[in-house]
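**Student:** fold the stuff below for me.
(one chain, ligands or ions: 1)
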Amino acid sequence: MLSPAPLPRAQALLEWYDRHRRALPWREAVRDPYRIWLSEVMLQQTTVAAVTPRWRRFLERFPSVQALAAAPWAEVAEEWAGLGYYARARNLHACAQAVAARGGFPDTVEGLRALPGIGAYTAAAVGAIAFGRAVVPLDGNVERVTARLAAIEEPLPGARPRLAALAQRWMEQAEAAARPADFVQALFDLGATICTPRSPACALCPWQAGCAGRRAGLAESLPRKAPKRARPVKYGVHFLLADAAGRLLLERRPPSGLLGGMLGLPGTPWREAPWTEAEALAHAPALLPASASWAAASGEARHGFTHFELRLTLRLARAPEGLNTAGEWLSPEAAAAALPGAMQKLLALAGGMLAGGVLAGGAGAVASPTLAPSPRKASGKRNTGRPA
Ligand code: SF4
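**Tutor:** Numbering: from 1, shown residues only. A predicted model of the protein is given here:
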């Protein structure tokens, strides 16, 4: 195997960064590891545009790592709702508690890596940006820039260790090692604004002269990716129960597993075979009197997880007077704000039936919730190659 061409000079990128850096709110927080760590966790699988207002709002509610550590899980889950990849929120809370217990963040990559929920990428990013450690975190942007500069044609994910080793070699250059926080953020910015996945703007790139991928006419096709296997499909049936005041019954999901610890609509487990009506109804909240019945919402809600596609259908019913069901009753607006994306899609399925009074009984129509779009749908997300 031929060794790749040497990487171009770090100084050229730093000079470009000094002129063109993006103004991001977490960059104003000079060396505040809590704010930097929070931004890095939120940016995994989520775009800068979607993260920015949520990062600010999160900090208003939990202004320090101690405040986050002391908060009840339900409040953290509520604040995270709609950001997706909910294991990140559970890990964030556990990590805040570990940091608060030890009196602050460790300032080495190894120390950060030992915290709950902090993987290689986040430890390197926080180590470099907050503590000036000479490490290069490998996110999707750095992967792409490095693969193009060195014309690495080996597909991902197999090429990842080679790309990580190559990217780390920049820190052997004195200019990068002197400004590690700026250098890694310059790499992020180059990948996000110039060396973009489609149509890289090579004419504006400070490294165009040293880019082997550009010279070989390969830039846009790199990094190559191994063909994806088709994701299996899983099915579930969920139940929307509305009381006379229009409130909806939600339940807290078990702490581990997908959407763990988040609020959800009661329902079946998710499995690879569709549910028969009788099987599904065995998981429905009990209705009294027995003559009460569930109406089916038309259509299905589809939601992509990393390893499978989920297809959910919905049954709706009006809660009879005096029904004593365990769970939390929330207004449709509060439910829409608190529910994760997959469950928000179920509420959208129900929207017409709620507004049309199918569940209204004698109490008038139940208000239709206003649903926020899921931020994970936007493009340009940071991909650290690590499912959250
Ligand atoms: S020259 Fe083009 S392909 Fe190479 S690093 Fe710059 S933007 Fe990316």
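
**Student:** could you use CA atoms for every contact and neighbour count after this?
**Tutor:** Fine.

**Student:** enumerate every residue touching the closest residue to residue 156 other than its chain neighbours.
**Tutor:** Leaving aside its sequence neighbours, residue 156 sits nearest to residue 225 (Cα to Cα, 6 or more residues apart in numbering; 4.7 Å). By Cα atoms under 8 Å, 6 or more residues apart in numbering, residue 225 lies in contact with 155, 156, 157.

**Student:** residues contacting the second one?
**Tutor:** When contacts are counted by Cα under 8 Å, 6+ apart, residue 156 touches 223, 224, 225, 226.

**Student:** let's see that with 10 Å instead.
**Tutor:** 143, 147, 163, 222, 223, 224, 225, 226, 227, 385 (Cα atoms under 10 Å, 6 or more residues apart in numbering).

**Student:** Throw those into a markdown table and include secondary structure and distance to residue 347, thanks.
**Tutor:** Listed next are these as a markdown table, based on DSSP: H, G, I helix; E, B strand; the rest coil; distance: Cα to Cα, whole Å:
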| residue | secondary structure | distance to residue 347 |
| --- | --- | --- |
| 143 | helix | 38 |
| 147 | helix | 42 |
| 163 | helix | 43 |
| 222 | coil | 40 |
| 223 | coil | 39 |
| 224 | coil | 38 |
| 225 | strand | 36 |
| 226 | coil | 36 |
| 227 | coil | 34 |
| 385 | coil | 31 |
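
**Student:** most neighbours among those, which one?
**Tutor:** residue 147 (30 neighbours; other Cα atoms under 10 Å).

**Student:** could you chop this protein up by domain?
**Tutor:** 10-221, 233-371 (automatic domain parsing).

**Student:** in terms of mean pLDDT, which of those domains ranks lowest?
**Tutor:** Sorting these by mean pLDDT places domain 233-371 lowest, at a mean of 82.

**Student:** related to what we said a few turns ago, among the contacts of residue 225, which are within reach of the ligand?
**Tutor:** Among the contacts of residue 225, no residue sits close to the ligand (Cα under 6 Å from any ligand atom).

**Student:** return the member of those nearest to residue 20.
**Tutor:** residue 156 (29.5 Å; Cα to Cα).

**Student:** ok, now how distant is that closest one from residue 228?
**Tutor:** 11 Å (Cα to Cα, to the nearest Å).

**Student:** among the contacts of residue 225, which lie within strands?
**Tutor:** The strands, defined by DSSP state E, take in nothing from the contacts of residue 225.

**Student:** which of the residues you listed lies at the shortest distance from residue 92?
**Tutor:** Looking across the contacts of residue 225 and measuring by Cα to Cα, the closest to residue 92 is residue 157, at 25.8 Å.

**Student:** count of neighbours near that closest one?
**Tutor:** Neighbours of residue 157 using other Cα under 10 Å come to 12.

**Student:** quick check: residue 100 touching residue 71?
**Tutor:** No: if you go by Cα atoms under 10 Å, residue 100 and residue 71 don't touch, sitting 11.9 Å apart.

**Student:** between the two, what contacts are shared?
**Tutor:** residue 65.

**Student:** mind listing the strands for the protein?
**Tutor:** So, for the chain - with DSSP E - the strands run 233-242, 248-252, 263-264, 295-296, 301-304, 309-318, 328-330.

**Student:** which one of those lies closest to residue 279?
**Tutor:** Closest among these, once you apply Cα to Cα, is strand 233-242, at 9.7 Å.

**Student:** who does the closest one touch, helix- and strand-wise?
**Tutor:** Contact here means 3 or more Cα pairs under 10 Å, 6 or more residues apart in numbering; DSSP states H and E; on that basis strand 233-242 packs against strand 248-252, strand 263-264, helix 277-281, strand 295-296, strand 301-304, strand 309-318, strand 328-330, helix 341-355.

**Student:** how much does that strand deviate in direction from helix 341-355?
**Tutor:** 40 degrees (axes from the mean of the first three to the mean of the last three Cα atoms, to 10 degrees).

**Student:** distance between strand 233-242 and the chain's centre?
**Tutor:** 23 Å (Cα atoms, centre = their mean, to the nearest Å).

**Student:** pull the CA atoms of that strand into PDB?
**Tutor:** The C-alpha coordinates for strand 233-242 follow below in PDB (Å, rounded to 0.1, in the frame of the first residue of the first chain):
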ATOM      1  CA  VAL A 233     -38.400  -2.900   9.800                       C
ATOM      2  CA  LYS A 234     -40.000  -3.100  13.200                       C
ATOM      3  CA  TYR A 235     -43.700  -2.600  14.100                       C
ATOM      4  CA  GLY A 236     -45.600  -1.200  17.100                       C
ATOM      5  CA  VAL A 237     -49.100  -0.100  18.000                       C
ATOM      6  CA  HIS A 238     -49.600   2.800  20.400                       C
ATOM      7  CA  PHE A 239     -52.700   4.100  22.200                       C
ATOM      8  CA  LEU A 240     -53.800   7.600  22.600                       C
ATOM      9  CA  LEU A 241     -56.300   8.100  25.400                       C
ATOM     10  CA  ALA A 242     -57.900  11.600  26.000                       C
END
